[in-house]
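**Q** everything below, folded, please.
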Amino acid sequence: MIKNRKKKIKLIQVTIFLVALSLLYNTYRDKSKITKKIVEIKSETAPNTNSFTDIEYSGFDLNGNRYRLGAGLANFKTTAPEKINMKNVEANFYLKDDTILKVVSREGNYNNITLDMLFKGNVKTTYLTNTLFSDELNYSNSNGILLASGNVRGESVEKGEFFADNVEYHITKKTLEFSMFGSKQVNIKLKN
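**A** Below you'll find the model as predicted:
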């Protein structure tokens, strides 16, 4: 019995030794095939720039109208934190008469001190049944003016369409001023 027990213990010890030996061998046998992976981290913005995604600003302009300004991406330089650069921009101006003026653009700039806004690239502005397309739309908070420029085209369900170089919309007066560069004339097509 003692001999059988000693044989079993030696068999277990030899088995453990062989398992340990095979583990060591398998762990270190491919030492020559080990490759180093170098990971390079690239910053998408400059070191003095802060970036954010899905950002939203809201408040009241100087005329007492509430606004909400949102962007998919935004960044600002730490040296000028009031100047926000944005991409995939959408703004809603909730006017005092309970109407909404909506602006959508590819890019934009927002000054969080003066509350001025600049929308750039495929700008689409909608107000009631009117739509205005332009290359740029500049909102001057202190003057209460929206200035659309560059390939300005307006569509109105009731009134027709127009083409101009610049269109100025006065928020408080709710008036439009059309202008063209040089000797060209504003092109307006009215519906009957």
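
**Q** buried ones in stretch 83-96?
**A** 83, 84, 85, 86, 88, 89, 90, 91, 93, 95 (16 or more other Cβ atoms under 10 Å). To be clear about C-beta, it is placed using only N, CA and C from the backbone, and glycine gets the same treatment.

**Q** wait, the fifth one touches residue 55, no?
**A** No: using Cβ atoms under 8 Å, residue 88 is not in contact with residue 55; the gap is 10.4 Å.

**Q** overlap in contacts, the two.
**A** 71, 73 (Cβ atoms under 8 Å, 6 or more residues apart in numbering).

**Q** what distance do you get for residue 178 to residue 149?
**A** Distance of residue 178 to residue 149, given as Cβ to Cβ, to the nearest Å: 12 Å.

**Q** what is in contact with these two at once?
**A** Common neighbours of residue 178 and residue 149 are listed as 166, 167 (criterion: Cβ under 8 Å, 6+ apart).

**Q** and residue 3, that one's in a helix?
**A** Yes: counting by DSSP: H, G, I helix; E, B strand; the rest coil, one finds residue 3 located in a helix.

**Q** could you give the number of residues near it?
**A** If you count neighbours by other Cβ atoms under 10 Å, residue 3 ends up with 7.

**Q** do the same with the one 5 residues further on
**A** When neighbours are defined as other Cβ under 10 Å, residue 8 has 10 of them.

**Q** now it: phi and psi?
**A** phi -70, psi -40 (degrees, to the nearest 10).

**Q** what's the distance between it and residue 21?
**A** Counting by Cβ to Cβ, the gap from residue 8 to residue 21 is 20 Å.

**Q** please name the bridge partners of residue 52.
**A** Beta-bridge pairing of residue 52 under DSSP bridges involves residue 74.

**Q** how far away is it from residue 126?
**A** Separation of residue 52 from residue 126 (Cβ to Cβ) stands at 26 Å.

**Q** correct me if wrong: residue 102 contacts residue 123.
**A** No: Residue 102 is beyond contact range of residue 123, at 11.2 Å (criterion: Cβ under 8 Å).

**Q** ok, the two, which is more surrounded?
**A** Using other Cβ under 10 Å as the criterion, residue 102 and residue 123 rank with residue 123 on top: 26 against 14.

**Q** what helix or strand does the more buried one sit in?
**A** Assigned by DSSP states H and E, residue 123 falls within strand 117-127.

**Q** okay, buried residues for the helix or strand that that strand is followed by please.
**A** Per DSSP H and E, the first helix or strand lying C-terminal to strand 117-127 is strand 130-140. By neighbour count on 16+ other Cβ under 10 Å, the buried set for strand 130-140 is 130, 131, 132, 133, 134, 136, 137, 138, 139, 140.

**Q** my read: the first one touches residue 154, true?
**A** Yes: shown here, residue 130 and residue 154 form a contact pair, counting by Cβ under 8 Å, at 6.7 Å.
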